[in-house]
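In: Sequence and predicted structure, then a few things I'm wondering about:
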Amino acid sequence: MEYKRFNNKIVVRIDKGEEILEKIKEIALKENIKLASVTALGATNNFTVGVFKTAEKKYYSNEFKGDFEIVSLTGTINTMNGEFYTHIHMSAGNDKGEVFGGHLNKAIVSATCEMVIDVIDGTVDRYFDEEIGLNLFKF
């Protein structure tokens, strides 16, 4: 991975074999990011995404292996209890044009991943909401 910071924008290249969420965390900690939006595209050959079933308040994961183009990766970096937290969703398409996605649990880059992190001046923490069953923004 390599990246370059331009004021509040960070342009990132994540390389083959690297895991995307690990690299987001590495940058966030190194650059002391407390709040940011994340967007990316690229290629993966191994990813796991989840779907939250609201009635059960539980995530179910789906793992995909093969050649996939990351058509959309979007989310946030922020904090929970003052510590690093991220919430990322990803969609990836196969060679038939079928797209699969959800809450990103893991994604290994197969060629490259091009990412832009837009750092926001400020802090938004999270808290666990019992009724919803998720970690929500706390203002």
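Out: Nice, I can see it.
In: For the most centrally placed residue in the chain, which non-adjacent residue is closest in space?
Out: The chain has residue 88 as the residue nearest its centroid, 3.1 Å off, counting by Cα atoms, centre = their mean. Distances taken as Cβ to Cβ, 6 or more residues apart in numbering place residue 75 nearest to residue 88, at 3.5 Å, with adjacent residues excluded. Where you see a C-beta, it was placed from the backbone N, CA and C, and this is true even at glycine.
In: Kindly state the beta-bridge partners for the one you found.
Out: According to DSSP bridges, the partner residues bridging residue 75 are residue 38, residue 88.
In: cool, residue 114 as well?
Out: The bridge-partner assignment for residue 114, based on DSSP bridges, gives residue 13, residue 41.
In: which residues sit in contact with it?
Out: 11, 12, 13, 40, 41, 42 (Cβ atoms under 8 Å, 6 or more residues apart in numbering).
In: Mind putting those into a markdown table with distance to residue 19, neighbour count and pLDDT?
Out: Listed next are the contacts of residue 114 as a markdown table, based on distance: Cβ to Cβ, whole Å; neighbours: other Cβ atoms under 10 Å; pLDDT from 0 to 100:
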| residue | distance to residue 19 | neighbour count | pLDDT |
| --- | --- | --- | --- |
| 11 | 19 | 13 | 99 |
| 12 | 13 | 20 | 98 |
| 13 | 14 | 16 | 98 |
| 40 | 13 | 21 | 98 |
| 41 | 16 | 16 | 98 |
| 42 | 12 | 23 | 98 |
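In: what's the pLDDT at residue 89?
Out: For residue 89, the model assigns a pLDDT of 98.
In: what packs against the helix or strand hosting residue 90?
Out: Per DSSP states H and E, residue 90 falls inside strand 83-93. In terms of contacts (3 or more Cβ pairs under 8 Å, 6 or more residues apart in numbering; DSSP states H and E), strand 83-93 is packed against helix 20-30, strand 36-53, strand 58-80, strand 99-119.
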